[in-house]
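**Q** I'll drop the sequence and a predicted model, then ask my questions.
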Amino acid sequence: MKHLKIKYRKVVFLSMLCFNFTIYAQHLKLPSDIVTALETGNTKELCKRFNTSVDLILNQSQNVYGKSQAEKILKSFFDTNGPSLKYKELHSSGKDISHCNFIGQLYTSKGVYRVYIYIKNGQIYQMRFESND
């Protein structure tokens with residue numbers, strides 16, 4: 001009987017261990033269309049994911065804009081900072097893509113920016129770009 005309890009505990013322990021690895025492996029990733037739009041500076045594609053109004057923060061400037069105004073501001077940002085070279089995701093949180101946050105770094109020809117993105121129901125509600133310099 002004692003041998004059976006030890007075997008049972010091992011099975012339970014291994015099952016829990018596998019379950020934890022499965023949860024850890026389910027890491028949220030920023031949707032590929034958003035990553036591509038960031039890396040290419042394609043504001044038209046990026047704005048397709050915007051909510052009707054978006055909280056846009058560029059360095060110290062913050063405001064809530066409609067889609068078309070936000071697109072103009074982002075276009076100016078990408079024109080000023082040159083082409084993006086790469087986006088690297090650093091962290092994500094949330095249960096699923098319907099409500100999540102992403103933090104990453106955007107490498108441009110003029111410098112590196114930390115990017116914060118808040119997504120709700122598949123739409124971008126907030127984008128923040130902060131210079132790493």
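**A** Alright, I've got the coordinates. Residues are numbered from 1 along each chain as shown.
**Q** what does the host helix or strand of residue 74 contact?
**A** In the assignment (DSSP states H and E), residue 74 maps to helix 67-81. Helix 67-81 has contacts (Cβ atoms under 8 Å, 6 or more residues apart in numbering) with 41, 43-44, 46-47, 50, 52-54, 56, 58, 65, 84, 108-111, 113, 127, 129. Yep, even glycine has a C-beta here, placed from its N, CA and C like the rest.
**Q** output that helix as PDB, restricted to C-alpha atoms.
**A** What follows is helix 67-81, C-alpha atoms only, in PDB (Å, rounded to 0.1, in the frame of the first residue of the first chain):
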ATOM      1  CA  LYS A  67      -7.600  56.900 -36.300                       C
ATOM      2  CA  SER A  68      -6.700  59.400 -39.000                       C
ATOM      3  CA  GLN A  69      -5.000  61.900 -36.700                       C
ATOM      4  CA  ALA A  70      -3.000  59.000 -35.000                       C
ATOM      5  CA  GLU A  71      -1.900  57.800 -38.400                       C
ATOM      6  CA  LYS A  72      -0.500  61.200 -39.300                       C
ATOM      7  CA  ILE A  73       1.400  61.500 -36.000                       C
ATOM      8  CA  LEU A  74       2.800  58.000 -36.400                       C
ATOM      9  CA  LYS A  75       3.800  58.700 -40.000                       C
ATOM     10  CA  SER A  76       5.700  61.700 -38.800                       C
ATOM     11  CA  PHE A  77       7.300  59.600 -36.100                       C
ATOM     12  CA  PHE A  78       8.500  57.000 -38.600                       C
ATOM     13  CA  ASP A  79       9.600  59.600 -41.100                       C
ATOM     14  CA  THR A  80      11.700  61.400 -38.400                       C
ATOM     15  CA  ASN A  81      13.300  58.200 -37.000                       C
END
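**Q** you'd agree residue 102 is up against residue 114?
**A** No - using Cβ atoms under 8 Å as the test, residue 102 is too far from residue 114 to be in contact (11.1 Å).
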